[in-house]
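Participant: Structure here, sequence nowhere to be found:
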């Protein structure tokens, strides 16, 4: 049975953009609606981009063969 190899995830800007969008949303709740809307739009586009990136990388993930489990 092959040994499990850990691969580090690729670097991505999407988590940072989601965090910035959340910060804008919170600041907008304290100040004006326009900043909140900008935060919401940024969050939606960032999550969509992040999801697309994960879907692009998904074919590279190997599925376990029948009878093989990750439990030890």
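Facilitator: Received, thanks. Since we're looking at a predicted model, the values are computed, not measured. Numbering: from 1, shown residues only.
Participant: mind listing the helices for the chain?
Facilitator: Ranges of helices within the chain are 14-30, 33-57, based on DSSP state H.
Participant: possible to save the ones you listed as CSV with mean pLDDT?
Facilitator: Below are the helices of the chain laid out as CSV (pLDDT from 0 to 100):
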stretch, mean pLDDT
helix 14-30, 96
helix 33-57, 93
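Participant: will you turn those helices into CSV that also has mean neighbour count?
Facilitator: Just so you know, the C-beta spots here come from the backbone N, C-alpha and C atoms, and that holds for glycine as well. Listed next are these as CSV, based on neighbours: other Cβ atoms under 10 Å:
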stretch, mean neighbour count
helix 14-30, 15
helix 33-57, 14
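Participant: got a list of contacts for stretch 27-39?
Facilitator: For stretch 27-39, the external contacting residues (Cβ atoms under 8 Å, 6 or more residues apart in numbering) are 21-26.
Participant: how about 6 Å then?
Facilitator: 21, 24-25 (Cβ atoms under 6 Å, 6 or more residues apart in numbering).
Participant: That stretch: end-to-end distance?
Facilitator: 9 Å (Cα to Cα, to the nearest Å).
Participant: 713 is where my numbering starts, stick with that
Facilitator: In the new count, where the first residue is 713, that last one comes out as stretch 739-751.
Participant: okay but residue 762 is in contact with residue 726, surely?
Facilitator: Yes. Between residue 762 and residue 726 there is a contact under Cβ atoms under 6 Å: 3.5 Å.
Participant: if I look at residue 745, how far off is residue 753?
Facilitator: For residue 745, the distance to residue 753 equals 12 Å [Cβ to Cβ, to the nearest Å].
Participant: before we move on, what about residue 722?
Facilitator: Residue 722 is 25 Å from residue 753, by Cβ to Cβ.
Participant: got a list of what the residue lying closest to residue 753 once chain neighbours are set aside touches?
Facilitator: Leaving aside its sequence neighbours, residue 753 sits nearest to residue 733 (Cβ to Cβ, 6 or more residues apart in numbering; 7.8 Å). Shown in contact with residue 733 (Cβ under 6 Å, 6+ apart): 751, 754-755, 758.
Participant: cool, and residue 736?
Facilitator: The contact partners of residue 736, by Cβ under 6 Å, 6+ apart, come to 747, 750-751.
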